[in-house]
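# sequence first, predicted model second:
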Amino acid sequence: MVKDMATIELIRLIHRRPEVHESRVNWREINGRKAVDGLPQIVWENGQTWAEANLWALEQATTNRRKLSTVLSSMTSLHSYAKWLEQEQINWWQFPVRESDRCLNLYRGALIEARDEGQIAPSTASARMAAVIRFYRWVAKMRLLSPAWPMWNDRQVGVRLTDPFGFEHTLNVNSTDLAIPNRKPPGSTLEDGLLPVSTAAVNAILAFAEAEASQELALMLHLGFFTGMRLGTIVDLKIKTIENAVPDPALDGWYRLAVGPGARPPVHTKFGTTGQIFIPKPVLDMLRTYIFSVRRLKRQSIAPTQVRQNVFLTRFGKSYADSTGTDKIRAINVEMGRLRKRGAAAGVHALRDFHFHRSRCTFATELARVAIRHLPLSDAIDLVRQALLHKDEATTLNYIKFAQTTAAMAKAADDFTEAMMGLANRRSRHGA
């Protein structure tokens with residue numbers, strides 16, 4: 001029997017202060033302090049809470065006034081560390097004199113091994129180690145561990161930055177000898193180190209999802225492949241978002257959806273970017289039909305008031321998004337994992353190593369290919385950036401470069417095949 005490991009729970013924190021009255025302690029709610037919905041807390045497998053980590057999350061969410069999505073991201077990394085500690089039966093305060101036996105050094109080695117074996121992305125290994133180091137810096141600052149205990153060696157690293165005018169300067173930042181550099185594999189990769197899938201693979205994935213997955217996941221995959229929306233945006237779409245779709249003035253058969261905090265109604269986007277998403281009419285019609293389907297209306301009837309206008313609801317009438325509106329969509333990730341397993345059993349090779357975000361990469365790559373074929377380069381960059389709501393132009397340029405490179409490689413491959421096959425045929429005739 002597999003043992004349950006440490007879990008991460010989201011709680012609603014109500015600020016209270018103790019008051020003593022007639023030898024009794026009463027906890028009174030503090031007026032004027034807003035409750036924190038979705039504060040992440042880590043619970044060990046034995047049911048005890050990780051008090052130090054949870055205090056760190058509380059301070060980040062309140063004192064430091066960080067976004068709750070940022071706090072959740074840090075605590076998710078720390079949760080992975082907690083599960084590793086339990087699996088290896090190591091205490092989080094294990095810092096003997098021998099460096100190789102310290103918990104952080106051992107964890108760093110485990111992350112690097114997982115990265116090298118392809119179990120996690122290089123960016124994930126770097127982010128998890130960085131979050132754990134930030135936690136231990138706070139622990140040391142609060143003197144929850146003895147400052148005499150050796151944890152790492154500090155060092156300064158020069159980071160080269162380029163301003164909008166093209167001038168470069170170097171910024172010295174503090175680092176440690178435990179930090180894991182984000183070394184990307186050779187070759188062109190896109191957002192999160194993922195690659196697009198072929199047109200044939202798109203058709204195979206969607207056909208299998210329509211047959212084997214829930215109607216909700218199948219629709220979400222259509223949105224991913226044909227709009228490029230991130231999962232966090234898709235699960236936060238509102239009925240009014242769909243009703244307010246307007247035809248694109250330049251593209252026949254395409255519509256625009258307003259998303260972001262500035263849209264009405266607001267829809268979550270990464271980095272809080274407001275903009276308009278391209279959506280083809282057939283996919284928009286699929287959403288319009290689903291909104292008023294009996295399946296969805298049953299879910300809406302049991303949903304809380306605050307999420308009833310969401311397009312996508314779970315069978316329990318809840319939002320797929322967590323309370324912070326981030327991309328940590330557990331229910332969808334679990335179903336995607338099941339779909340990959342079914343696909344492997346059914347021989348659907350397109351689903352092997354497929355992750356939802358690859359649908360966004362696929363849309364962006366195809367859009368970039370069309371854009372650079374018909375538009376000046378500067379206009380192509382603007383089009384892709386607006387359609388994908390990229391915060392930085394550098395991300396858009398990666399897609400443009402990828403589209404250009406793959407097109408050139410495809411032409412070179414055709415020429416190579418033609419030349420080599422011709423040579424092989426001549427040699428065959430000569431031998432005959």
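Now that the structure is in, tell me what you want to look at.

# give the closest residue to Ala371 in space, chain neighbours not counted.
Counting by CB to CB, 6 or more residues apart in numbering, Ala371 lies nearest to Ala380, which is 3.7 Å off, once chain neighbours are set aside. Every C-beta, even on glycine, is put in place using the N, C-alpha and C of the backbone.

# got a pLDDT number for that neighbour?
The predicted local distance difference test score for Ala380 is 88.

# looks like it contacts Ala368 (just checking).
Yes - using CB atoms under 8 Å, Ala380 is in contact with Ala368, at 7.0 Å.

# name the residues contacting each of these two.
Ile400 (CB atoms under 8 Å, 6 or more residues apart in numbering).

# any idea how far Val307 is from Asp258?
To be clear, residue 258 is Ala; Asp isn't right here. Ala258 sits 19 Å away from Val307, taking CB to CB, to the nearest Å as the criterion.

# over to His355?
26 Å.

# the two - which one has more neighbours?
A side-by-side neighbour count of His355 and Val307, using other CB atoms under 10 Å, places Val307 first with 19 against 15.

# before we move on, the earlier item: doesn't the residue nearest to Ala371 fall inside a strand?
No - assessed with DSSP: H, G, I helix; E, B strand; the rest coil, Ala380 is helix; it does not lie in a strand.

# now for it: which residues touch it?
So Ala380 contacts 368, 371-372, 400 (CB under 8 Å, 6+ apart).

# which of the residues you listed fall within helices?
The helices, defined by DSSP state H, take in 368, 371-372, 400 from these.

# most widely separated two among the residues you listed?
Maximum pairwise distance among these (CB to CB): 7.9 Å, between Ala371 and Ile400.

# overlap of the contact sets of these two?
Counting by CB under 8 Å, 6+ apart, the shared contacts of Ala371 and Ile400 are 380, 384.

# what's around Pro249, how many residues?
By other CB under 10 Å, 8 other residues sit near Pro249.

# can you tell me how far it is from Met336?
To Met336, Pro249 is 36 Å away according to CB to CB.

# neighbour-wise, which of the contacts of Ala380 leads?
Most neighbours among those, by other CB under 10 Å: Ala368, with 29 neighbours.

# which residues in this protein form helices?
For the chain, the helices defined by DSSP H cover 51-61, 68-88, 103-116, 122-141, 199-212, 215-227, 231-234, 239-243, 281-291, 294-301, 330-346, 357-374, 377-388, 393-431.

# quick one on the thing from earlier: out of the ones in helices among the contacts of Ala380, the closest to Pro280 would be?
Closest to Pro280, out of all of the ones in helices among the contacts of Ala380 and judged by CB to CB, is Ala371, at 16.2 Å.

# and stretch 92-105, what's buried?
Across stretch 92-105, burial judged by 16 or more other CB atoms under 10 Å covers 92, 95, 102-105.

# any chance of those residues in CSV with pLDDT and distance to Phe363 as columns?
Output for the buried residues of stretch 92-105, formatted as CSV (pLDDT from 0 to 100; distance: CB to CB, whole Å):
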residue, pLDDT, distance to Phe363
Trp92, 94, 42
Phe95, 88, 47
Arg102, 89, 45
Cys103, 92, 42
Leu104, 92, 40
Asn105, 92, 42
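
# and those residues, which is closest to Ala213?
When these are compared for distance to Ala213 (CB to CB), Trp92 wins out at 38.8 Å.

# excluding chain neighbours, what is closest to that closest one?
Leu85 is the one closest to Trp92 (CB to CB, 6+ apart), at 5.7 Å.

# shouldn't that neighbour be in contact with Cys103?
Yes - Leu85 lies in contact with Cys103 (CB under 8 Å); the separation is 7.0 Å.

# find residues that contact each of the two.
91-92.

# low pLDDT regions in the stretch 101-250 of the chain?
Residue ranges of the stretch 101-250 of the chain with pLDDT under 70: 147-149, 154-176, 183-194.

# shouldn't Val197 be in contact with Thr362?
Yes - applying CB under 8 Å as the test, Val197 and Thr362 come out as touching, 5.4 Å apart.

# okay, the two: which has more neighbours?
It is Thr362, of Val197 and Thr362, that has more neighbours when counted by other CB under 10 Å, with 24 against 20.

# so who does that one touch?
196-197, 202, 225.

# show me the contact partners of stretch 309-325.
Under CB under 8 Å, 6+ apart, the answer for stretch 309-325 is 10, 37-38, 67-69, 72, 216, 219-220, 232, 234-242, 265, 268, 287, 290-291, 296, 299-304, 307, 328-332.

# in PyMOL, select just the buried ones from these.
To isolate the buried ones among the contacts of stretch 309-325 in PyMOL, judged by 16+ other CB under 10 Å, type:
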select buried, resi 10+38+68+69+72+216+219+220+232+234+235+236+237+238+239+241+242+268+287+290+291+296+299+300+303+307+328+329+331+332
